[in-house]
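Asks: model the following, please.
(one chain, ligands or ions: 1)
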Amino acid sequence: MNAPVIDKNRKPAAQSAGIDVRDVTVTYRNGHTALRDASFSIPTGTIAALVGVNGSGKSTLFKAIMGFVPLARGAVSILGQPAGRALKRNVVAYVPQAEEVDWNFPVLVEDVVMMGRYGHMNFMRWPRRQDHEMVEAALERVGMADFRKRQIGELSGGQKKRVFLARALAQEGRVILLDEPFTGVDVRTEESIIALLKALRAEGHVMLVSTHNLGSVPRFCDRTVLINRTVLAAGLTQEVFTRANLEKAFGGVLRQFTLGGADLHEDAAEDSRRLTVLTDDERPFVIYGDEDGRSAGDGRK
Ligand SMILES: Nc1ncnc2c1ncn2[C@@H]1O[C@H](COP(=O)(O)OP(=O)(O)OP(=O)(O)O)[C@@H](O)[C@H]1O
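Replies: Residues are numbered from 1 along each chain as shown. Alright, predicted model coming up:
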């Protein structure tokens, strides 16, 4: 019997190319290099967390992927194509940080979501029935259909986030970049956003989500990219999201404390278990048991 021929270069279908960032360096016009030799890759059907301190280059990385800032070095490819071509084909949707949007601009919720359809229209931008249907379906999916005629500036932070998610859904981009989608939203909205991202993962999307909510990361992110002006570690969350790596990424910014004995619960005389909390002051990452940081965390407060 012949031995089976194994093609080492062939990737399994479930692991096809999603986002590939290779040796990317970004230097702003004032000479500041915000990102140096950053490399990682994320397959499709994945939610990846992008984690790092303020100013570590998370937004810069998103802008580099979106082609908003030039690369001094390196390359980005998306779904196996050079980023420029993928962006022209409209496969990348971007949900920006709230601060990057001018909320005084008078525009209705449904018009914001319709912007996601622009890439599917001709240069006249005249929406067809299908475009209206996609907008309606996207608003339904994020639970914002009743707000369609409201001015975007009148909504709460969490509602605005959901509208921008709807815009990404209407765009039908297989790749979705979310810059701090949980900042300023309540726990219920966060849960509904996480549920939506998981559903999109099951549909084969690839998502890169920057967040300071360390506690949430092990709950819904298959992969983690830790950055501080370069990629410190990237890979499966259970391998990368460790106490040692978090300390490396956050340095003095990360607060940590360990509870045990009577600090943990009153009748704890015989209980030698310990609990470690790591936080950069949003939702903490909680480690039960030993302190090697490999235990699964639970982010609930
Ligand atoms: N347009 C710009 N020109 C010059 N420097 C910039 C520019 N935008 C950002 N920077 C600098 O690049 C570094 C990375 O900024 P970036 O916004 O990417 O960080 P971040 O990780 O997204 O931070 P945060 O968590 O606060 O959102 C910072 O030192 C910032 O001051």
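Asks: what pLDDT does the nearest residue to residue 131 once chain neighbours are set aside get?
Replies: When the adjacent residues along the chain are set aside, residue 131 lies closest to residue 117, with 4.4 Å between them (C-beta to C-beta, 6 or more residues apart in numbering). C-betas here are computed from N, CA, C, even on glycine. According to the predicted model, the pLDDT of residue 117 comes to 94.
Asks: and residue 117, what are its phi and psi?
Replies: Main-chain torsions, residue 117, degrees, to the nearest 10: phi -90, psi -10.
Asks: ok, now which ones touch it?
Replies: Residue 117 makes contact with 127, 131, 134, 135, 170, 171, according to C-beta atoms under 8 Å, 6 or more residues apart in numbering.
Asks: can we see that at 10 Å?
Replies: The neighbourhood of residue 117, defined by C-beta atoms under 10 Å, 6 or more residues apart in numbering, consists of 90, 125, 127-128, 130-132, 134-135, 138, 167, 170-172.
Asks: ok, which residues in the stretch 51-200 of the chain are in contact with the ligand?
Replies: Residues of the stretch 51-200 of the chain found near the ligand, taking C-beta under 6 Å from any ligand atom as the criterion, are 52, 54, 55, 56, 57, 58, 59, 60.
Asks: tell me which of the residues you listed fall in strands.
Replies: In strands, judged by DSSP state E, none of these are found.
Asks: can you say which of the residues you listed are buried?
Replies: Members of those that pass the buried threshold by neighbour count (16 or more other C-beta atoms under 10 Å) are listed as 52, 56, 57, 58, 59, 60.
Asks: want to throw these into TSV with pLDDT?
Replies: Written out in TSV, the entries for these read as follows (pLDDT from 0 to 100):
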residue	pLDDT
52	92
56	93
57	95
58	94
59	92
60	95
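Asks: and the helices in this structure?
Replies: Counting by DSSP state H, the chain has helices at residues 58-66, 83-88, 109-115, 129-141, 157-171, 187-202, 217-220, 237-240, 243-250.
Asks: now do the longest one: distance to the chain's middle.
Replies: Its chain's average C-alpha position is 12 Å from that of helix 187-202, according to C-alpha atoms, centre = their mean, to the nearest Å.
Asks: tell me the angle of it relative to helix 129-141?
Replies: Angle, helix 187-202 to helix 129-141, by axes from the mean of the first three to the mean of the last three C-alpha atoms, to 10 degrees: 130 degrees.
Asks: list the helices and strands helix 187-202 packs on?
Replies: With contacts taken as 3 or more C-beta pairs under 10 Å, 6 or more residues apart in numbering; DSSP states H and E, helix 187-202 sits against strand 46-51, helix 129-141, helix 157-171, strand 175-179, strand 206-210, helix 217-220.
Asks: so which of those is nearest residue 234?
Replies: Closest to residue 234 of the helices and strands packed on helix 187-202 is strand 46-51 (C-beta to C-beta; 8.2 Å).
Asks: from the chain's centre, how far out does that closest one sit?
Replies: In terms of C-alpha atoms, centre = their mean, the gap separating the centre of strand 46-51 from the centre of its chain is 5 Å.
Asks: partners of that strand, with directions?
Replies: Based on DSSP bridges, the strands next to strand 46-51 in the sheet, each with its direction, are strand 206-210 (parallel), strand 223-227 (parallel).
Asks: mean confidence for the last one?
Replies: Looking back up the chat, that one is strand 223-227. Here the average pLDDT along strand 223-227 is 97.
Asks: quick one: is it near the ligand?
Replies: No: applying C-beta under 6 Å from any ligand atom, one finds strand 223-227 separated from the ligand by no less than 7.4 Å.
Asks: just the C-alphas of that strand, formatted as CSV.
Replies: Listed next in CSV are the C-alpha coordinates belonging to strand 223-227 (Å, rounded to 0.1, in the frame of the first residue of the first chain):
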residue,chain,number,x,y,z
ARG,A,223,-6.6,34.3,19.3
THR,A,224,-4.8,37.2,20.9
VAL,A,225,-2.3,39.7,19.5
LEU,A,226,-0.4,41.6,22.3
ILE,A,227,1.2,44.8,21.2
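Asks: quick one: low-confidence parts of the stretch 1-150 of the chain?
Replies: Applying pLDDT under 70 to the stretch 1-150 of the chain flags residues 1-15, 99-101.
Asks: show me what counts as buried in stretch 143-157.
Replies: Judged by neighbour count using 16+ other C-beta under 10 Å, the buried positions of stretch 143-157 are 144, 145, 147, 148, 151, 152, 155.
Asks: returning to that earlier point: what would the strands paired with strand 46-51 look like in CSV with mean neighbour count?
Replies: Converted to CSV, the strands paired with strand 46-51 look like this (neighbours: other C-beta atoms under 10 Å):
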stretch, mean neighbour count
strand 206-210, 26
strand 223-227, 25
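Asks: nothing else from me, thank you.
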